[in-house]
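Q: test case, fold it:
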Amino acid sequence: MIVSLTAQLPAVTTLLAPASAFSIEQLTEAYNQTRVDYLVPMPMNAARLAEYVHLYDVDLDRSVVALEDDQILGLGMLGVRPGRVWVTRLGVLPSTRRRGIGESLTRALLAQANQLRRDLTTLEVIQNNDPAYALFCKLGFREMRELLVLLRPPGPLDDVPSGETHWLDHADALALLDARAERLAWTNQTESFSNARQVAAVSITLPDGGCGWLVYQSQRFVIQRLAFKTERGDPCAVGRALLAHLYRRYPYYDTHAENVPVDDPHLPTLLEAGFVESFRRIEMHRRQASPNGRA
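A: Residues are numbered from 1 along each chain as shown. Down below sits the predicted model:
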């Protein structure tokens, strides 16, 4: 549990309090106010924020709100999983920026990582958000890779390759994800899929022996996340076949593919299938210092 404290900042005294002291409606309103002028605002309603907290294992007791005279000036949330934490939804009201509030919030979240004895803290910052990027570098985060947020409108693909396909349920889809060895963004880790509803998978074996699978979440006419794995053969050919079968089954669904690494071998297939880049994030990591002072 975060202990409330005061942080002396230029011309303002800020109280840092746990996010769990506020209703989800209050947190939603504050979050939206901090994002009104962002490069990518991403507004939320209370139901979506509550789902976000559930999907990504956000611990509201360890998340932080900055207050002045009972007004919320900013907030930051902390996802907590074994061995790692995730800084997310960090924002400060436009009128109170450049006063150290964002840094105080981030330092409070890092203190929580220390208390939890989590070795790795991760976050994503939208590309070209230079003030936030500079702050995270100052606090010891290092850039790891670029991640793409991709969108695709509804519509089937013209060609559906032949092959042996199997449609798998939630439990079998999670079993496939557990076998992955790739380094994954927080939003695409197995826990995120496990917490989600209506997760399923399709696997395929092509006539040339290429094979792989695709795990996805579908609800309300939107496919909200994708996870590919080519086990044998050309990732582009396997990915193309998987997408063709997916959109034959869901021809009227939009698709939102979040945090796809720029070096993902299936990316060319996604672009070929009509996905377009919405924006980019930079994934950053910070390792906890060991007792001898080394990260």
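
Q: give me the phi and psi for the residue most central in space within the chain.
A: The centre of the chain sits closest to residue 187, judged by CA atoms, centre = their mean, with a distance of 3.5 Å. As for residue 187, its main-chain torsions (degrees, to the nearest 10) stand at phi -70, psi -20.

Q: check which helix or strand the residue nearest to residue 227 when sequence neighbours are not counted maps to.
A: Closest residue to residue 227 in three dimensions, ignoring its sequence neighbours and counting by CB to CB, 6 or more residues apart in numbering: residue 215, at 4.4 Å. C-beta coordinates here come from the backbone N, C-alpha and C atoms, glycine included. Applying DSSP states H and E as the criterion places residue 215 in strand 211-219.

Q: for residue 109, same thing?
A: Residue 109 belongs to helix 101-116 when assigned by DSSP H and E.

Q: next, the angle from the helix or strand just after that helix to helix 101-116.
A: On the C-terminal side of helix 101-116, the nearest following helix or strand under DSSP H and E is strand 120-126. Orientation note: strand 120-126 sits at an angle of 150 degrees relative to helix 101-116 (axes from the mean of the first three to the mean of the last three CA atoms, to 10 degrees).

Q: coming back round to it: now the strand holding residue 215: average pLDDT?
A: Averaged across strand 211-219, pLDDT comes to 96.

Q: and stretch 146-164, by the same measure?
A: Confidence over stretch 146-164 (mean pLDDT, whole number) is 94.

Q: first-to-last residue distance for that stretch?
A: With CA to CA, to the nearest Å applied, stretch 146-164 spans 34 Å between its terminal residues.

Q: report the distance from that stretch to the chain centre.
A: 21 Å (CA atoms, centre = their mean, to the nearest Å).

Q: thinking again about what came up before, which other residues reach the helix holding residue 109?
A: Where contact means CB atoms under 8 Å, 6 or more residues apart in numbering, the residues beyond helix 101-116 that reach it are 2, 7, 9, 12, 14, 16, 62-64, 66, 73-76, 78, 80, 85, 87, 90-92, 121, 132, 135-136, 138-139, 286, 288.
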